[in-house]
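K.L.:
Curious how this folds, go ahead:
(chains A and B)
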Amino acid sequence: MTSTIKPRSPEELRQAVEWALNDGTTLDVRGQGSKIALGKPMECGQVLDLSGLSGIVDYAPEELVVTLRAGTPISDVEALLAQRNQMLAFEPPDLGPLLGREAGQGTLVGAVMGNLAGPRRLSAGAARDHLLGFSGVNGRGEIFKSGGKVMKNVTGYDLSKLLAGSWGTLAVLDQVSVKVLPAPDQTRTLLLMGLDDAAAVTAMCAALGSPHDISGAAHLPGKTALRIEGVAPSVEARLRALRELLADSGARMEELGTLESRVFWREVRDVAPLKAAPDTIVWKISCPPTEGPAIVARIKAQRPAAEAFYDWSGGLIWLALPASTDADHTIVRGAIGAKGGHATLIRASQQVRAAVPVFQPQPAALAALAARVKESFDPKRLFNPGRMG
Amino acid sequence: MQMPPLDPAILARRSEIVAALRAIVPGEGVIDDLEGMRPYECDALSAYRQMPLVVVLPETVSQVSTILRYCQDNKVKVVPRGAGTSLSGGSMPVGDAILLGLAKFNRVLEIDYANRCARVQPGVTNLGITKAVEHEGFYYAPDPSSQIACSIGGNVAENSGGVHCLKYGLTTNNLLGIEMVLMTGEVVRLGGKHLDSEGYDLLGVMTGSEGLLGVVTEVTVRLLRKPTTARAVLLGFPTEAGAADCVAAVIASGIIPGGMEMMDKDAVKCAEAYVGAGYPLDAEGLLIVELDGPPVEVDYLVERVAEIARGRGATTVRVSNDEQERVLFWAGRKAAFPAVGQITPDYMCLDGSVPRGRLVEVLAEMREMSKKHRLRVVNVFHAGDGNLHPLILFDANDADELHRAEEFGADILRLCVRVGGVLTGEHGVGIEKRDLMGVQFTEIDLDQQMRLKCAFDPDHLLNPGKVFPQLRRCAELGRVVVHHNKLPFPNIPRF
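P.N.:
Numbers count the residues shown, from 1 in each chain, chains lettered A, B, ... in the order given. Below you'll find the predicted structure:
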């Protein structure tokens, strides 16, 4: 039976790691465990629970920075920012329902550790682009820091980038500073009805190549959505211009107002349009936007039951496949082709995730380099061993 | 500036090393005569000069790979160089190291408008990318002031910024992928035309690594569509505090301008005398705020910014009415450094970043320091993101003034760290701020960074003497002390 350690201070966090190092055990590092079903299954000696290190340390809206402890629930952060009309611009998805849990769980640091990002990834970047600095404990039981609380900082290596997307395998964070941005006054959506995948991606790429500042571009079966945000007069003018630009697509156009748009894009963000039964396999594919439809077509040619929708102008494919023992990983990764991209197995049973590479396998030189990077932070492999495969 | 001691064994083998390089890069690609190497003896931090062991200018990735593998096998140090515009000595040569210049990698390889990206070689200039795509209405957003000369490979190494990064991000936010060569000669690709590659974000950590981790041989950048319009607002305030308050108020109101620059009274005076931009000479603090986007949005935001400024006591509020006037508003700011150069034999440009809320206090304290060190300081900075560029005026021919200027500069950077800021916002550590790293970082922080360096370059061959005040051997850094089962379980809640 695995027991749980719950430190209450940075020093206790350090002691817990030091103890694990000396005891020769391993640590399953969690905030709330909301994404524990994502990644390779692990067997760890101990759970290191960060929920005792929670709370906002500092929030100065005019600085566009919030500093918080690693266990702080993301819902607390979002509520705090909303009071001052600000937001996490990378729009972190709530994958809870997709992973068979309740909505609204998880910590901000958990989202950062997965380098998650929603539809606004296109214009605002991912979690990696918003982590300004952190402090934490490395696998030697040492407290260290990197980055800072300022927007512009090139002092030393940008370890924040490395930690974002590391799934807790490099260091245990105690505190982070994250960049925030003003929330838009208005959000409207232009819907193009009835386009097929290829025509939809062409329309989305044209929209993104226009000066109309698109902050979301998704294609659901039969419905292509373009989001425009900002101050009222600007939103109005850009919507009009966008309609003209896309008149040639031949699609019937509709519009969503601010409230409807918020609901719609939240659903896209949280992968709700993939109406997949709980036992279906879910993949996330990142690719050059114009390659999206061809990749989906190649997969459907072999798995006609596949369902998909696109975000990021076609550059993000959410794909559902019928349950199988190997998640059809060779078909999915084989479909990506030479133009580049990667596929992540987001939802599958523990047995399938244990058997299949969850993250895109890397070429040998890169994999060896990544292993050396891991060793430079966590030489005894204490943190989330094997989570990234 | 103390550099690592030269290795006499390498110096003794110079002709053998030159011959080996000639076997890899034929003809004029290897430069070993003093006159030929002279242009490479410094970068834009020209106070420090050093001849390299030999200069090599490869033309292909395979040549870069063979050179690095040769250097790894023979334990020869390597200093990579783009256009040599580093302001922190990032590409300053080292006497027992070959200088690896990437200038011949100067081709735009592919422009993909549909996917809004361009694949270029690292020697292409920053502005060269925009020039290659602007006829289609696109541009590459980061715009360091050296953009006409600096190379994109150097921008990756330094994570370069510019006036517009408040809204559009730094280099790191505008890269999609790179190809790089490791010291072993292995060629790896990170990212591509897609977003967020899996595994550790090595692209992110390469960006701003100052040439210490690998040699970049190809870069894929994100292209943006040019905004339809841009207008600039000139705001003069009777106090610096008024100007700083206005910056905070604009951002707190939810507006992120394309650029938001501040100049103090002396900087305004110099710039005005130099280019005649029409700046108000009575202002203690001058802001230039640029808004970009669709015309209707820009007009709306210009009004709001003007209103906020008036509410904060602005005595001058002028809005550019056409492109010519907008360019004129910027002309003074862009010429501020050379303008200051007119009134002093030499100046030292610093680059600390501070939280915006501490600007006024930092400026006031800088004035006190100015009295103490008996040197003038002029301030021009990216107010929107708290990135300061204080210019210390001095005469390098006066040894005492040079010494006082260095002391003054170090005091300013210590001040930046003390108020919660950092040593460098966009110029890099290089050799210039190397010995101050201990002000911002603990020994543990620096050891962790050096361990990362060891993962890429275990023999410390790439760009030695830069960034880290003291290099420790990787074998020593890699040791793990474990007291097996000798520590009691700490008093932490457990269940």
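
K.L.:
Break chain B into its domains for me.
P.N.:
For chain B, the structural domains run B:8-101, B:108-225, B:229-338, B:344-428, going by automatic domain parsing.

K.L.:
need those domains in CSV with distance to chain A, can you?
P.N.:
Every C-beta, even on glycine, is put in place using the N, C-alpha and C of the backbone. CSV is the format used below for the domains of chain B (distance: least, CB to the nearest CB, whole Å):
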stretch, distance to chain A
domain B:8-101, 9
domain B:108-225, 2
domain B:229-338, 3
domain B:344-428, 4
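
K.L.:
Can you check which of those domains gets nearest to residue A:19?
P.N.:
domain B:108-225 (26.3 Å; CB to CB).

K.L.:
thinking in terms of the whole chain, how far from its middle is the closest one?
P.N.:
Domain B:108-225 sits 14 Å away from the centroid of its parent chain (CA atoms, centre = their mean, to the nearest Å).

K.L.:
any idea of the mean pLDDT in that domain?
P.N.:
The average of the pLDDT scores along domain B:108-225 is 96.

K.L.:
Need the distance between the two termini of it.
P.N.:
18 Å (CA to CA, to the nearest Å).

K.L.:
re earlier: can you tell me which of the domains of chain B is packed in deepest?
P.N.:
Most buried of these, by mean neighbour count (mean count of other CB atoms under 10 Å in any protein chain shown): domain B:108-225, with a mean of 23.

K.L.:
Can you add distance to residue A:278 and give the domains of chain B back as JSON lines?
P.N.:
Formatted as JSON lines, these follow (distance: least, CB to CB, whole Å):
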{"stretch": "domain B:8-101", "distance to residue A:278": "48"}
{"stretch": "domain B:108-225", "distance to residue A:278": "25"}
{"stretch": "domain B:229-338", "distance to residue A:278": "41"}
{"stretch": "domain B:344-428", "distance to residue A:278": "46"}
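
K.L.:
looking at those, which is closest to residue A:216?
P.N.:
Of all these, domain B:108-225 sits nearest to residue A:216, with 14.1 Å by CB to CB.

K.L.:
ranges for the helices of chain A?
P.N.:
According to DSSP state H, chain A carries its helices in the segments A:10-23, A:74-83, A:108-113, A:121-124, A:159-163, A:197-208, A:232-245, A:258-269, A:292-302, A:329-336, A:350-355, A:364-377.

K.L.:
ok, is the third one in contact with chain B or not?
P.N.:
No: applying CB under 8 Å from any CB of the partner chain, one finds that helix A:108-113 is not in contact with chain B, the shortest distance being 11.4 Å.

K.L.:
can you check the second one too?
P.N.:
No: Helix A:74-83 is not in contact with chain B by CB under 8 Å from any CB; minimum separation 12.1 Å.

K.L.:
about what we covered before: would you turn the helices of chain A into a markdown table with mean pLDDT and mean neighbour count?
P.N.:
Formatted as a markdown table, those follow (pLDDT from 0 to 100; neighbours: other CB atoms under 10 Å in any protein chain shown):
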| stretch | mean pLDDT | mean neighbour count |
| --- | --- | --- |
| helix A:10-23 | 95 | 21 |
| helix A:74-83 | 98 | 16 |
| helix A:108-113 | 98 | 28 |
| helix A:121-124 | 96 | 22 |
| helix A:159-163 | 98 | 26 |
| helix A:197-208 | 98 | 22 |
| helix A:232-245 | 96 | 18 |
| helix A:258-269 | 97 | 17 |
| helix A:292-302 | 98 | 19 |
| helix A:329-336 | 97 | 19 |
| helix A:350-355 | 96 | 14 |
| helix A:364-377 | 97 | 18 |
